[in-house]
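[1] just the structure for this:
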Amino acid sequence: MKNRLPIALAGAAFGFCLAGTFLHFAYGAQETPSPYNELDRFGQAFAKVRAYYVEPPDDKLLVENAIGGMLTNLDAHSSYFDPKTFADMTVKTEGEYGGVGIVIQSDKGTIKAVAIIDNAPADKAGLKANDTILDIDGTPITGFKLDDVQKKMRGVSGTKVTLTVSRSGMKDPFDVKLVRAQVPIEPVTSKRKGSVGYIKVPAFNDHTDSGVQAAVASLKKQIGPGIKGYILDLRDDGGGVLDQAIAVSDDFLEGGEILSMRGRKPEDTERFDAHPGDITGGKPVIVLINGGTASASEIVAGALQDHKRARIVGTTSFGKGSVQTIIPLNNGEDGALHMTTARYYTPSGRTIQAEGIVPDVVVSQGDDANDPYAEFDQREANLPHHLEAEGPKPAPAPKPILPPAGKKFDDFQLSYAVSMLQGGPVVADADTAKPSPKKGSN
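    Now for the predicted structure:
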């Protein structure tokens, strides 16, 4: 796979230095105003703040906040990483961190849990996606920046942190006492479900593709030649490293385009193609998605859907069709720009920006307790400053398939996907799913 530098996130150069000097230009009637005239205006404001603010300000912090404001007002995903945040981002794509295992997002000034990492402290304590975090160690965090909330929740393994949480359907907020632990960077997990191989991809980091390949090899060995197919679970997968999304898509394709990325100039267009070799040997594949499926995970779902290599099952995805590039400043010592540099397009030429991927088979969990995105309005199209959609709108999603009345399901979407591959009826628990006797089994 082709490596991209700087790091591209599907998910994911310029700088200036005033050095105490203001720039002035004189223009004739036919000349176009220079952008440096705006830097002159910033320089004047910078000088006034330094001279007249009630307390001596931190010059470095003033400039960092100015850069941050410049980027965050471009679109919903551009931002400035200070040096520590940039270092944390490197950890996020490469290793692990000390924390509680909550993926968070700002929703109209409040901090909501988008996903809970399996087996992390938050998961063991019973926290759920769509919970709202009100306080951390008694400090209200409404209005805080995401980076600041993340810093407060992370820390040395073994240290304690208390979150005050509100949950839909519960009258009063409640406290959750957690002990921080080393949180793995969302490893790929897999298990056998009858004669079907199940693979869960919670995020795309530097180990995702190798994890998917290892999972397929393990499931082939466990189930044997009678394996009916694979379920690739991308629900609640908020994305990550672009190269890994391309590599995972390539795992299931024999050739053809995976995606193209188009920037502001025609020469910026890049196309990524698959190589021969389907690691499943052509077995059927179902991809599970929901409202928490975003960015890199939408690339995989879109590529496999357009090539008709997989059937997409679940509910409409988040709709993030832009690519962010991390551009270090001074080799990262001055932080980095996290800037939207392109839109991506699926093999058929469609962009899912602000629209999302509509499943081939729309299946609802049917129970808000099991489907935190059922009433979750934090989609790309609802984010402030989001990029607008391009091209024709996709057809509206059909009425979803609901669980049969009177039956209880731990995970109806998964049970439905297993039944699609095994050819039998939908069962209450996919872990105990048995293939239809008419179809044969292992």
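
[2] give me the element V287 is part of.
    Taking DSSP states H and E as the criterion, V287 maps to strand 285-289.

[3] packing partners of the helix or strand following that strand?
    Next helix or strand after strand 285-289 toward the C-terminus (DSSP H and E): helix 296-306. Counting contacts by 3 or more C-beta pairs under 8 Å, 6 or more residues apart in numbering; DSSP states H and E, helix 296-306 is packed against helix 242-251, strand 257-262, strand 285-289, strand 311-314. Quick note: C-beta positions are derived from backbone N, CA and C, even for glycine.

[4] most packed of the ones you listed?
    Of those, the one with the most neighbours on average (mean count of other C-beta atoms under 10 Å) is strand 285-289, at a mean of 27.

[5] check which helices and strands that one sits against.
    Checking 3+ C-beta pairs under 8 Å, 6+ apart, strand 285-289 ends up next to strand 229-233, helix 296-306, strand 311-314, helix 412-422.

[6] deepest of these, which one?
    Of all the helices and strands packed on strand 285-289, helix 296-306 has the most neighbours on average by mean count of other C-beta under 10 Å, namely a mean of 28.

[7] could you give the angle of that one to helix 242-251?
    If you take axes from the mean of the first three to the mean of the last three C-alpha atoms, to 10 degrees, helix 296-306 sits at 30 degrees to helix 242-251.

[8] alpha carbons of helix 296-306, as PDB, please.
    Output in PDB follows, covering the C-alpha atoms of helix 296-306 (Å, rounded to 0.1, in the frame of the first residue of the first chain):
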ATOM      1  CA  ALA A 296     -12.300   5.400   7.400                       C
ATOM      2  CA  SER A 297     -15.000   2.800   8.200                       C
ATOM      3  CA  GLU A 298     -17.300   4.400   5.600                       C
ATOM      4  CA  ILE A 299     -14.500   4.100   3.000                       C
ATOM      5  CA  VAL A 300     -14.500   0.300   3.600                       C
ATOM      6  CA  ALA A 301     -18.300   0.000   3.500                       C
ATOM      7  CA  GLY A 302     -18.600   2.200   0.400                       C
ATOM      8  CA  ALA A 303     -15.900   0.300  -1.500                       C
ATOM      9  CA  LEU A 304     -17.300  -3.100  -0.800                       C
ATOM     10  CA  GLN A 305     -20.800  -1.900  -1.500                       C
ATOM     11  CA  ASP A 306     -20.000  -0.400  -4.900                       C
END
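
[9] contacts only, for the nearest residue to G356 once chain neighbours are set aside.
    Nearest-residue entry for G356: G319, 3.7 Å, with adjacent residues in sequence omitted and distances by C-beta to C-beta, 6 or more residues apart in numbering. Neighbour list for G319: 294, 298, 352-356, 379-381 [criterion: C-beta atoms under 8 Å, 6 or more residues apart in numbering].

[10] among these, who's most crowded?
    Most neighbours among the contacts of G319, by other C-beta atoms under 10 Å: E298, with 31 neighbours.

[11] was I right about that residue contacting T316?
    No - taking contacts as C-beta atoms under 8 Å, E298 lies outside contact range of T316: 10.4 Å.

[12] spit out the residues that contact those two alike.
    289, 356-357.

[13] want to throw those into a markdown table with distance to F204 and pLDDT?
    Shown next, in a markdown table, are those (distance: C-beta to C-beta, whole Å; pLDDT from 0 to 100):
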| residue | distance to F204 | pLDDT |
| --- | --- | --- |
| I289 | 14 | 96 |
| G356 | 18 | 90 |
| I357 | 16 | 93 |
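
[14] give the residue spans of this structure that score low on pLDDT.
    1-33, 89-96, 184-186, 367-379, 381-382, 384, 427-442 (pLDDT under 70).

[15] residue boundaries of the helices in it?
    For the chain, the helices defined by DSSP state H cover 36-52, 59-72, 83-94, 121-124, 146-153, 208-223, 242-251, 296-306, 412-422.
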